[in-house]
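[1] curious how this folds, go ahead:
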Amino acid sequence: MEWSVNSDREMLEQCLVLALLVNGRTSVDDFKKTTEVERFAEALKDFGLAYREVGNQLLLEGVGLQYKVPTILPSGFSLNAEVLIWALASKDKETRFTIFANGSSDFAFKVELLKKIAFAVVEEETENSVSFHFSERIPTLKKASFGGYPYLAKNFALLSALVEGREVSLEEKLSVRDSFSSMLVYFGANMKFEVHTPELKDELSRRLAKAKGLKLERTWRTLLGETKIMTSREYFIPGDVTEALALAIASLFSANKEGEVIKNVVVGGSRAAAFSVLKRMGADFDISGRRERYGEPYGDVLVKPIGNKRLQGCHFAGDNMAIAVEEIPLLAIAACYAEKETIFHLPAEEVSRAMPLLEKLAANLRQTGAEIGVYEDGLVIRGKEELDVGEFDCIGFPTVGLALAILAARVKVHVEIQGIEETDKMFPRVRESIAAICGKEA
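    Residues are numbered from 1 along each chain as shown. You can find the predicted model right below:
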């Protein structure tokens, strides 16, 4: 059977922000609306964005780089969305801004991130709000242990430089979740984002380099110059990778021997790297119909069921997980069904953000009978062939709920998951697809 997922959340948030900076119209084709995306679009109205839906098309009217900034910044969104909001506000160094928690379970972490990547100077802070102004200091990026920049910090640096008219020059060994960089180029930013491979002129140069132990590694180079105008565009955003991965893992246990097809999924760049992790564990799937629209590659994912076989445990180092950190709960479910031991080793820069999620995930998965251990910088799992179910709780962590939904769909009894409404809000209609793939009514 064929399945579809919602438009990629991160890319849609980024597109909405860039549409604000266009002095004119941006149209998004084949748009799939979710409550969370609509909330973010409504929040950007305070900056000057106008939008309306016409059939399955989203029409956006931007005001250009001279947008206005509210003193009370909207909050309660994903980290990706909130970092983009901070970057939009950062051009104003004099105003005192306020952010409210709005029930956010990770508000304290967001405040620390605001200080760290946006150089915000806090003037007043409580459990439920923070008031601050932006420093005149230009944000500096520090490379992570995997040789690239943490993508949230990089996105802030690029967007803040764009709206302030500054230049940015970056070089990385690994570009993580790089859709925003590609999108900036497409929307007309004065920017180059490309792979650079060192070239040696002759055989003697190559031998000398080898004798000196020099590694001729390719690097990603980003050069952003002053941009005075962003270009009106038509755009298309492929299917969400996190949702597609959830359907792919459910499909491993499908009774359909022909396999399941997940349509129009992001397959380019590092955004879709979680599928590579799953393939290393022995999942059988192919990308078919690969094509490109408005600069973004996408394709259909055909997943074959594993039948009587089992997935295999692997050791995933920091560079793998830097790319797939958002999908760890789903990959952990796959590891719970795998033979041998699976280790997810997080890069040091992601540990503080991911640790609360890992603890919540482990508390739930221990009820399945799999062996789960949370250590200083990651997760270790020893799976079993059949998993038990228990009293699950994903409150505050929608991706954990999405992972638990796969477990719930694989058993005959009803499984209660506390907080699952948060998952349904972020990933609408996906649980129903998971249940149908596994042959169970939602």
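[2] tally of neighbours for the closest residue to residue 72 other than its chain neighbours?
    Ranked by Cβ to Cβ, 6 or more residues apart in numbering and with sequence neighbours excluded, the top spatial neighbour of residue 72 is residue 98, at 5.1 Å. For the C-beta atoms, the positions are set from N, CA and C on the backbone; glycine is no exception. Residue 98 has 15 neighbouring residues, counting by other Cβ atoms under 10 Å.
[3] can you tell me how far residue 98 is from residue 358?
    Using Cβ to Cβ, to the nearest Å, residue 98 is found at 31 Å from residue 358.
[4] swap in residue 317?
    From residue 317 across to residue 358, the span is 17 Å (Cβ to Cβ).
[5] so how far is stretch 84-92 off the chain centroid?
    Centroid displacement of stretch 84-92 relative to its chain, using Cα atoms, centre = their mean, to the nearest Å, is 20 Å.
[6] ok, and what's touching it?
    For stretch 84-92, contacts defined as Cβ atoms under 8 Å, 6 or more residues apart in numbering pick out 13-14, 17, 20, 43, 47, 67, 69, 73-75, 77, 95, 97, 114, 118, 120, 134, 155-156, 159-160, 163-164.
[7] residue 188 and residue 231, how far apart?
    To residue 231, residue 188 is 3 Å away according to Cβ to Cβ.
[8] quick check: neighbours shared by these two?
    In contact with both residue 188 and residue 231: no residue, using Cβ under 8 Å, 6+ apart.
[9] related to what we said a few turns ago, just the buried ones from the contacts of stretch 84-92?
    Buried residues within the contacts of stretch 84-92, counting neighbours by 16 or more other Cβ atoms under 10 Å: 13-14, 17, 20, 43, 47, 67, 69, 73-75, 77, 97, 114, 118, 120, 134, 155-156, 159-160, 163.
[10] can you list which of these are found in helices?
    13-14, 17, 20, 43, 114, 118, 155-156, 159-160, 163 (DSSP state H).
[11] what is the nearest of the residues you listed to residue 398?
    Each of these was scored against residue 398 by Cβ to Cβ, and residue 13 proved nearest at 15.1 Å.
[12] so who does that closest one touch?
    37, 40, 77-78, 80-81, 84.
[13] if you set the cut-off to 6 Å instead, what comes out?
    40, 80-81 (Cβ atoms under 6 Å, 6 or more residues apart in numbering).
[14] do residue 195 as well
    Taking Cβ under 6 Å, 6+ apart as the test, what residue 195 contacts is residue 218.
[15] likewise residue 298?
    Going by Cβ under 6 Å, 6+ apart, residue 298 touches 238, 264, 266-267.
[16] which of the helices or strands spans it?
    For residue 298, the enclosing helix or strand under DSSP states H and E is strand 296-304.
[17] chain neighbours aside, what residue packs nearest to residue 79?
    Closest residue to residue 79 apart from its sequence neighbours, by Cβ to Cβ, 6+ apart: residue 152 at 6.1 Å.
[18] which strand or helix spans the one you found?
    helix 151-164.
[19] then residue 261?
    For residue 261, the host element (DSSP H and E) is strand 260-266.
[20] next helix or strand past that strand?
    Counting by DSSP H and E, the next helix or strand C-terminal to strand 260-266 is helix 274-280.
[21] and for the residue nearest to residue 79, the neighbour number?
    Here the count is done by other Cβ under 10 Å, and residue 152 has 21 residues near it.
[22] check residue 165 too.
    When counting by other Cβ under 10 Å, one arrives at 12 neighbours for residue 165.
[23] gap between it and residue 187?
    Relative to residue 187, residue 165 is positioned 16 Å away (Cβ to Cβ).
[24] got the contact list for residue 276?
    With Cβ under 6 Å, 6+ apart, residue 276 has no contacts at all.
[25] separation between it and residue 331?
    Distance, residue 276 to residue 331, by Cβ to Cβ: 11 Å.
[26] before we move on, the earlier item: helices or strands up against the strand holding residue 261?
    Counting by 3 or more Cβ pairs under 6 Å, 6 or more residues apart in numbering; DSSP states H and E, the packing neighbours recorded for strand 260-266 are strand 2-3, helix 241-251, strand 296-304.
[27] neighbouring contacts of that strand?
    With contacts defined as Cβ under 6 Å, 6+ apart, strand 260-266 is touched by 1-4, 8, 238-239, 241, 244, 247, 251, 254, 272, 298, 300-303, 437.
[28] so how do I select the buried members of those residues in PyMOL?
    Burial among the contacts of strand 260-266 is assessed by 16+ other Cβ under 10 Å; the matching PyMOL selection reads:
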select buried, resi 3+4+8+238+239+241+244+247+251+254+272+298+300+301+302+303+437
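[29] need the CA coordinates for stretch 76-83. PDB is fine.
    Presented in PDB, the C-alpha positions along stretch 76-83 are these (Å, rounded to 0.1, in the frame of the first residue of the first chain):
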ATOM      1  CA  GLY A  76       5.900  27.500  22.800                       C
ATOM      2  CA  PHE A  77       7.100  26.100  19.500                       C
ATOM      3  CA  SER A  78       9.800  23.700  18.400                       C
ATOM      4  CA  LEU A  79      13.400  24.600  19.100                       C
ATOM      5  CA  ASN A  80      13.900  25.100  15.400                       C
ATOM      6  CA  ALA A  81      11.000  27.600  15.200                       C
ATOM      7  CA  GLU A  82      12.000  29.500  18.300                       C
ATOM      8  CA  VAL A  83      15.600  29.900  17.200                       C
END
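[30] show me what counts as buried in it.
    So for stretch 76-83, counting by 16+ other Cβ under 10 Å, buried means 76-78, 80-83.
[31] returning to that earlier point: and the residue nearest to residue 72, what pLDDT?
    Residue 98 carries a pLDDT value of 97.
[32] ok, it to residue 305 distance?
    Taking Cβ to Cβ, one finds residue 98 at 52 Å from residue 305.
[33] ditto for residue 403
    Distance of residue 403 to residue 305, computed by Cβ to Cβ: 19 Å.
[34] between these two, which one's more packed in?
    Using other Cβ under 10 Å, the more surrounded residue of residue 403 and residue 305 is residue 403, with 29 against 19.
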